[in-house]
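Trainee: Here is my input, please return the structure:
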Amino acid sequence: MTETYEQKIEQLKQIIGKIEDGNTSLEESMRLYEQGAALVRQCETLLAEAEVKCSTLSRDA
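Mentor: Numbers count the residues shown, from 1 in each chain. The predicted structure follows:
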């Protein structure tokens, strides 16, 4: 199942909350940071694809 942009953003919010809570070890924080960075890249890709689609639709209208 492919996650939506909104689901990825929610995951990012959860990761940020865990990192900022002060109860997460450095190792866990680093793992979460890497996971968050991957999610950010995925979100950027989804946004770029949406931008291309909007531009295409605008030209075709």
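Trainee: list the buried ones in the longest helix along the chain?
Mentor: Longest helix in the chain by number of residues (criterion: DSSP state H): helix 26-60. Under the neighbour-count criterion of 16 or more other Cβ atoms under 10 Å, helix 26-60 has L32, G36, L39, C43 buried. Placement of C-beta: from N, CA and C, glycine included.
Trainee: now the residues you listed in a markdown table, with distance to T56 and pLDDT?
Mentor: Output for those, formatted as a markdown table (distance: Cβ to Cβ, whole Å; pLDDT from 0 to 100):
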| residue | distance to T56 | pLDDT |
| --- | --- | --- |
| L32 | 36 | 98 |
| G36 | 31 | 98 |
| L39 | 26 | 98 |
| C43 | 20 | 97 |
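Trainee: Make JSON lines out of these and add distance to I15.
Mentor: Formatted as JSON lines, these follow (distance: Cβ to Cβ, whole Å):
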{"residue": "L32", "distance to I15": "5"}
{"residue": "G36", "distance to I15": "4"}
{"residue": "L39", "distance to I15": "7"}
{"residue": "C43", "distance to I15": "12"}
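Trainee: quick one: low-confidence parts of the chain?
Mentor: Where the chain drops to pLDDT under 70, the residues are 1, 61.
Trainee: Of the buried residues of helix 26-60, which is the nearest to E10?
Mentor: Nearest to E10 among these, counting by Cβ to Cβ, is L39 at 9.9 Å.
Trainee: I'd like to know how far the closest one sits from K18.
Mentor: Relative to K18, L39 is positioned 13 Å away (Cβ to Cβ, to the nearest Å).
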